[in-house]
Each structure stands twice: as C-alpha cells, then as structure tokens.
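Participant: model this:
(2 chains)
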There are 2 protein chains.
Amino acid sequence: MKPAESNLASPTPGLDRQAGLPERQSPRSIEARLLRGLLRSMGKPPFRVTLWNGEQVGDDPNPLVPHLLIRRRSALYRLLLDPALHFGDAYAAGEVDVEGSLVDFVESCYRGEAHSRRLLLKAYGRTYARRNPPGRSRHNVHHHYDIGNAFYRLWLDEQLLYTCAYFPDPAMTLDQAQVAKMDHVCRKLRLRPGESVVEAGCGWGALALHMARRYGVRVRAFNLSREQIAYARQRAAAEGLAGQVEFVEDDYRNIDGRHDAFVSVGMLEHVGPDHYRELGGVVDHCLAERGRGLIHTIGRNRPMPMNGWIEKRIFPGAYPPSLREMMEIFEPWEFSVLDVENLRLHYARTLEHWLARFESAADEVRRMFDERFVRTWRLYLAGSVAGFTSGQMQLFQVLFARAGNNDIPLTRSDIYRPE
Amino acid sequence: MKPAESNLASPTPGLDRQAGLPERQSPRSIEARLLRGLLRSMGKPPFRVTLWNGEQVGDDPNPLVPHLLIRRRSALYRLLLDPALHFGDAYAAGEVDVEGSLVDFVESCYRGEAHSRRLLLKAYGRTYARRNPPGRSRHNVHHHYDIGNAFYRLWLDEQLLYTCAYFPDPAMTLDQAQVAKMDHVCRKLRLRPGESVVEAGCGWGALALHMARRYGVRVRAFNLSREQIAYARQRAAAEGLAGQVEFVEDDYRNIDGRHDAFVSVGMLEHVGPDHYRELGGVVDHCLAERGRGLIHTIGRNRPMPMNGWIEKRIFPGAYPPSLREMMEIFEPWEFSVLDVENLRLHYARTLEHWLARFESAADEVRRMFDERFVRTWRLYLAGSVAGFTSGQMQLFQVLFARAGNNDIPLTRSDIYRPE
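Facilitator: Okay, the predicted model is just below:
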C-alpha cells in the first residue's frame, strides 16, 4: 500500500494529463460515477478530479481550480467511505495528491460538507414548537404593551425605547443613552446606506426610524402590538420616512423578503426557548449571504425559570434565556456568532432612570389606574434594578453572520472609533 | 384579605416600632423561627424583618439596612411557600412593605438566593467525568507537544506561540501579531500591577512571561508538557523573571491558590466536553471574588466531531467545542459571560504564516523526520487554513467574571484605546 519514498517525494503526478486523454470525457467506471454523486451532494465544489485510469470527474471550466489526483482505486473507496478520516493518510502516503492550492482544495471540501448539511436540515430539520404560538403571542404582547402609550410616556425617554440603554459616559441622560444604544447596535451591524434591514419586534419604532434617518437604510419592522404600530406609523409619516420604513403589524414568523441585516432588540424575551430554532429558521430564510444579524435580549447566567410573580402580573409568557439556550437560534442553522457583549450594568442604570421617573409620576399613574397598580410597577422596576445589579439578570447583545461569510471586520475597533 | 385603599396608600407602617417593643427580642413564635431558618439558608441577607405581632427577625446592626414589614400572618406563610411568586402580590396589596431602599432589599434577596444555590452545588454538583483523565491527558499532550522544540522553532514565531495571533493591522508580521494577541488578552483581563494570575496550559511560556514583564503581575502557569516547561523555565531564568513567574508541570485539575485572573489560551481543545463542568469548578475554586477569567479556544458553529484524521494523526483527544458546549464551563457555577469575540479570520492568517514558514523549512523537516511527516503536517496546516477561511472552524475568546462582581468596565472601549 505504501509507495516507495522516492515516488512520494516526486513532484510529478502519477499520470500525465498532457498525454492526449480527452479533458472532459464522460465518466464511465462505477468509481467515477460514485465520485460524481458525492460531488453533486456537495454542491459541485470547484475542483477537478483525475483517477488512476485517466478518467476525469468535475468539469469546472476554470483552469485555475485545484486538481485532485487519486492514484489508487483503494484510496477512492476509502474516501467514499469516510473522506474526513481517510484523506489525510492517503495524502500523507502520496496515494492522492493535489495540484494547485491545497488550501483552496480543502476549503472547497469544507464548504461542500456544509452544503450537504444544510440540504439535510432544510429537508428534515424544522421543529414545530408550540409554547408561544402566534395567537398566544398576540395575547401576551397585548397584555403588556397595550396598557396605553400615555402610561409609558410618563417614564420612558422621549423616543419611547423600552429596552436597555447604553451609557458609555455614565453622566449621560436617559435620552442620550438610548440614542447611544441605537448607534451601538447600528455600528455592530455595520449598516451601509441603501441596505435593507428587517426588524423583529420594533416597539414604538424608534430604532427603525433611527436606522433609516442616520444610516440611510430601508427598514421593514414587525410588531404584534396594535397601539405601538399605530404610533410608529404616525411618527414615520410626521418625519417623512414612511417611504423608507414600513411598519408591519404581524408576527416575526411571517417575516419575508431577503435583507442585509436582521435586528431584534428586546423581543427574544417573549419568544420562548421552544421557538428559538424556528426563529433561527426565520433568520436563515430572510438573511442575505453576506448579511449580519443582532439579537439584544435580557438573559441569565444559567437557565432559570422567570420570576413567577413577574410572569403572572407583568410579562406573561416571558423567559430570559441563558447563552447556552440562545445558541439554539444559531447552531442548527450554522450561524457564526461573531461577538457577544453583556451590558448588565447598563440595564441597572436604565432601570434606575425609569424608576426615578416613575416615582415622579406616581400620582399621575395612581389617577390613571390605582394604588395597587403603582405598587406593582414600583416593585417590578425596583426589583429589576436589583436583578441587574446583583447579577441575577444579564443583557446580551449577540452579533452573528453566516458561517462562510468572510466580509466581516477583522476587529471591533470601528465600533469604538469616535465619529 | 385586601386592605382598604386608604391603608394601602398610607406611608406609616402597620405597627409602631417606637412603642416600646424591645428592639432585638428573641423570636419565639413558630413563624419567626421559620423565617429565621429561611434567612440563614440565604447567608443572612442584610435586612431586618418585623412581623405583625411586633417580633423582629434579623439583627443586622446597621440601622440603614432595609426593613421588611410583614403585616399579616397569611402573607408570611405564602412567602415561605414561594417567595418569588407571592412577594409581589403581597407587596402590591400592602400586606408587606419595605422601609428603606426597595432596590437594596430585592438585591439582598437575589444575592441570598444565589448563596443557597451555590451551597447546593458545592454539596451535590461535582461530576466525575472520565474522557480525558489526567493520565490520558499527559499521554495526549506528549504526543503533540513533545515532538521537539527544534521542530516548532522552524515555523512558529520567535516566542513560540502555537495559538491564534491577532492582526489588528493585516500588514503585521507574525511576531508582531503574536505580541498583539497577548496584549489583547491582557487588556480584556484588565490586568493590574501586583495582581496574581493563574494560567492553564502555558505552552512555551510566552504569555506568562509577557504578563509578568509588561503588566507587572505574578503568574503561576501550568502545563503537562515536560519539554515546554523546561524551555519556559530557562526563559524565565534568562530574563530574571523566575521570581515572578512559576512554571508548574502539572494538570490544570491541580491548580491551587486564589488568583485575580484565570487565563487559558489554546488548552480547552484538549480538555474534552465531559470535563468542562469540572474545569469550571477549578476556576470557581481559584478565582477571587472580583477576579476575571478568559478562555481562548478553537471552536465550532455547532457541535461536530473532530476531523477523524487530525484526531488520529495530530491531536489525539482534541475537540473544539461550540459556544453552547462551552457554556457547561460557566453555567453550573453561575459565572457571567461578559464578552465573546470570534477571531476566526485571524487564525486563518496565522496559519497562512505558519504554512509559508513550514514550506520554507520543508527540507529541514524532511531531514528531521521523513516525507510522510512533511506531507502530514503540510495537509494539517493547509487544511486548518481552509477550516478557518471556510467558516468550519471558529476561534472564541470568552471573558467572564463572577455573577455578583460589579467591578467590571462599563464598555470595551478601553481595549481599543491606543497606548
């Protein structure tokens, strides 16, 4: 089996391609047909193969593609059996060789393997989770977000962002920190003018409008809350951005189109872990090959049930996941996580602002509702401050892209470059 | 059950603490004793409790600690049954109240809950995994790293770093990029002069010496490879750093002491997922309360077996984990992941440098070993370039701290600030 050392070290291939063999003869041997089947399942990777008997498989017209030489029939059968295991030994022994770039050849094999896996996943991989089906999601969202815009206006910032702000300078006002958060998200996504962005769970529309206004992108923003969508549409119209930002009152499961970026800030808490794989499938469906995605969510250091009282009184159906649980969004679809940042202390500070503003408006809230409502929300806000300062709660921003996308920045320094 | 609204809104507590009750009377009722037991299991959180009958539980001498008033016996029983669920309703209804900071009170409760969980984990939580027990690890490490320093010197950088470099500027040389990697790690760890660092898997000692030299820390560095440890000790002595850096030829499982930082660059690939929880336990044991940790490892977008050939010929026992799998290090011990960065393209570039240098030295390698060895290593290096450029392989740096540690920077901008 082992060729002579002199043969191994020889730079000349074991057969002469210039010796008049037709370049694209139709493969006839059983081995050539097996190999052709393997290459087809790999999405026809860009390389040519020549067998020991001179037969050629793979017809990439580019003469620069790597050229695999299989010098022994037994080596081919081992390759068909388990290419990942046997290629290395066959190569080391000189039973197979690669003309052209060895790196390019192996890279084509890897991309081909990934192609096969994706075909399988698309055929068999969808799960049908049930915990928060669309009807229940609509009910849950209505419970919390449709209390009335007037109530939230009493203690949120001017643009009504109901998610963790970002305080690169601790002296920032809440309004400044919410703008800084939106810019932090947009910088991580490396938005470029003219790109198309889809947003899942857009609240009162602040981020969608900010992306359109400051970064020149087109946005399609989804939300189940009727009150929030109505408000967001009014704002878009008032700002003359209605042609650039479309607010859609619909479930994230119905997101369509193909977009350069996917962003979701503060929705995942309402999705439920049973649906993470399905959410990943939605992203897989709507994200362009070179697209980027960002999910911003409350999280945990380890899986833990939601506080029972908050689930009952404030956020029915809500669940903040651990990072391990979040990976169910990305791993089945082979997304590549590029960057995770934990902004826990920023949420503590955001909530301190909200709590102080809520207390200033407590009399008004009492007139709108009653004392029990005031005490419920006071405890919810104060308890949330404590949750983040004590490290019980986390805030994760997860940036991701498709596995094979090399159009990603080498470092994160651009996020921190002054404007 | 529901008190009158007027009572709810009243700022005066339901009983008068100034009315001559002894401040620290010994609790006698069954309810007070139950409550005292609950507080003990929570590590005696800093607040006082006064019951409906005037009894007091909790004797924190600080008069500023929050004061919980439980106004109804039935509320206490519900709290004992499921505090997380029932506290909220009881508070909203005014059956319990908090004097002093509501945020501080809830934060103490959260920290107390975490205390209880940690007690349970320490008692029952250790697993005894077997896949890479210490003897097998020693064998595996010897297989790869003790091939001979002379071989690695042919194609690694000057300081012999055999892990992914960092190229913030793509024009950097390999030597510069390895120094940049070490600085990137040290900056993420926010090392301060005089601190103590433990390193798990220190290779030829470059990072340990760099941390001591440039950041003024003391280092205890562990490694199973006899050849590497011998080399590292020589370097430490030659540089006059032997008093500041101790190289220990031992398994990471035997790490001892209490340190301000834990760092491991390129060891996790050899640990095996069955041992991640155990590794987390080692970190839990050796990391100070305000300590930081960083693990740098080759990874995957999804769990996948190691390439069979590489496992067999190059790295026996090796396994690059997905992020989900890595979380088994952190989640059982409630570590908080602060920052994850994927440096995949940097490893592709590092490997391109290694491959080019290896090819330049191929004749010498052939003289040291044989042609089969040259072809084996050529394929391993070229295949690894392809693994990273195609997105099959990832390189994760995960920064973490203890859950309750608020001595963490607000942003990552300091990592990117010019020196």
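Participant: From the contact counts, what lies against the longest strand seen in chain A?
Facilitator: Longest strand in chain A, counting residues (DSSP state E): strand A:287-299. Packed against strand A:287-299 by the contact rule (3 or more C-beta pairs under 8 Å, 6 or more residues apart in numbering or on different chains; DSSP states H and E) you find helix A:174-189, strand A:259-265, helix A:323-330, strand A:394-402. No exception for glycine: its C-beta is placed from N, CA and C like everyone else's.
Participant: What pLDDT does the model give the closest residue to chain B within the stretch 151-300 of chain A?
Facilitator: Here the stretch 151-300 of chain A gets closest to chain B at one residue, residue A:168, 5.1 Å apart by C-beta to the nearest C-beta. Listed pLDDT for residue A:168 reads 96.
Participant: quick one: what helix or strand has the closest residue to it other than its chain neighbours in it?
Facilitator: Residue nearest to residue A:168 in three dimensions, not counting chain neighbours: residue B:411, with 5.1 Å by C-beta to C-beta, 6 or more residues apart in numbering or on different chains. Using DSSP states H and E, residue B:411 sits within no helix or strand.
Participant: okay, now residue B:411: neighbour count?
Facilitator: Applying other C-beta atoms under 10 Å in any protein chain shown, we find 19 residues neighbouring residue B:411.
Participant: That one is in contact with residue A:172, isn't it?
Facilitator: No - look at residue B:411 against residue A:172 with C-beta atoms under 8 Å: they stay out of range, at 11.8 Å.
Participant: Got the domain ranges for chain A?
Facilitator: A:1-124, A:134-416 (automatic domain parsing).
Participant: hey, which of the ones you listed is tucked in deepest?
Facilitator: domain A:134-416 (a mean of 20; mean count of other C-beta atoms under 10 Å in any protein chain shown).
Participant: can you give me how far that one is from the chain middle?
Facilitator: 15 Å (C-alpha atoms, centre = their mean, to the nearest Å).
Participant: and residue A:195, backbone torsions?
Facilitator: phi -70, psi 160 (degrees, to the nearest 10).
Participant: actually residue A:302, not the one I wrote
Facilitator: When read as degrees, to the nearest 10, the backbone of residue A:302 gives phi -150, psi 160.
Participant: ok, so what distance separates it from residue A:78?
Facilitator: 44 Å (C-beta to C-beta, to the nearest Å).
Participant: can you check residue A:295 too?
Facilitator: 43 Å.
Participant: And residue A:91, by the same measure?
Facilitator: Taken as C-beta to C-beta, the span from residue A:91 to residue A:78 is 12 Å.
Participant: Now do the shared contacts for those two.
Facilitator: Shared contacts of residue A:91 and residue A:78, defined by C-beta atoms under 8 Å, 6 or more residues apart in numbering or on different chains, are absent.
Participant: hmm, who's touching the helix or strand hosting residue A:385?
Facilitator: Assigned by DSSP H and E, residue A:385 belongs to helix A:371-389. Applying C-beta under 8 Å, 6+ apart, the external contacts of helix A:371-389 come out as A:307, A:310, A:313-314, A:344-345, A:347-348, A:351-352, A:354-355, A:358-359, A:362, A:365-366, A:392-395, B:5, B:8-9, B:87-88, B:91-94, B:102-107, B:109-110, B:406.
Participant: just checking, which of these belong to strands?
Facilitator: Going by DSSP E, the strands hold A:394-395 from the contacts of helix A:371-389.
Participant: and the contacts of helix A:371-389, which of them are in helices?
Facilitator: A:310, A:313, A:344-345, A:347-348, A:351-352, A:354-355, A:358-359, A:362, A:365-366, B:5, B:8-9, B:87-88, B:91-92, B:102-107, B:109-110 (DSSP state H).
Participant: Residue A:414 in helix, strand or coil?
Facilitator: At residue A:414, secondary structure determined by DSSP: H, G, I helix; E, B strand; the rest coil is helix.
Participant: what's it in contact with, if anything?
Facilitator: Residue A:414 neighbours (C-beta under 8 Å, 6+ apart): A:187, A:190.
Participant: What is the least confident helix or strand in chain A?
Facilitator: In chain A, the helix or strand scored least confidently by mean pLDDT, DSSP states H and E is helix A:5-9, which has a mean of 36.
Participant: Check which element follows that helix along the chain.
Facilitator: Taking DSSP H and E, what comes next after helix A:5-9 is helix A:30-41.
Participant: what about the residue nearest to residue A:249 when sequence neighbours are not counted, which helix or strand?
Facilitator: Closest residue to residue A:249 apart from its sequence neighbours, by C-beta to C-beta, 6+ apart: residue A:229 at 4.5 Å. Assigned by DSSP H and E, residue A:229 belongs to helix A:226-239.
Participant: Show residues contacting that helix.
Facilitator: A:142, A:145-146, A:148-149, A:160, A:202-205, A:208-209, A:213, A:221, A:223, A:242, A:245, A:247-249.
Participant: returning to what we had before: what angle do the longest strand of chain A and helix A:371-389 make?
Facilitator: Orientation note: strand A:287-299 sits at an angle of 110 degrees relative to helix A:371-389 (axes from the mean of the first three to the mean of the last three C-alpha atoms, to 10 degrees).
Participant: ok, strand A:287-299: who's next to it in the sheet?
Facilitator: Here strand A:287-299 is paired, per DSSP bridges, with strand A:259-265 (parallel), strand A:394-402 (antiparallel).
Participant: Can I get the ones you listed in a markdown table including distance to residue A:52 and mean pLDDT?
Facilitator: What follows is those, written out as a markdown table (distance: least, C-beta to C-beta, whole Å; pLDDT from 0 to 100):
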| stretch | distance to residue A:52 | mean pLDDT |
| --- | --- | --- |
| strand A:259-265 | 47 | 98 |
| strand A:394-402 | 38 | 98 |
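Participant: of those, which approaches residue A:192 most closely?
Facilitator: In terms of C-beta to C-beta, the element of the strands paired with strand A:287-299 nearest to residue A:192 is strand A:259-265, at 7.7 Å.
Participant: quick one, the closest one and helix A:174-189 angle?
Facilitator: Orientation note: strand A:259-265 sits at an angle of 140 degrees relative to helix A:174-189 (the same axes, to 10 degrees).
Participant: elements contacting the following helix or strand past the helix holding residue A:229?
Facilitator: Moving toward the C-terminus from helix A:226-239, the next helix or strand (DSSP H and E) is strand A:245-249. Counting contacts by 3+ C-beta pairs under 8 Å, 6+ apart, strand A:245-249 packs against helix A:206-215, strand A:218-223, helix A:226-239.
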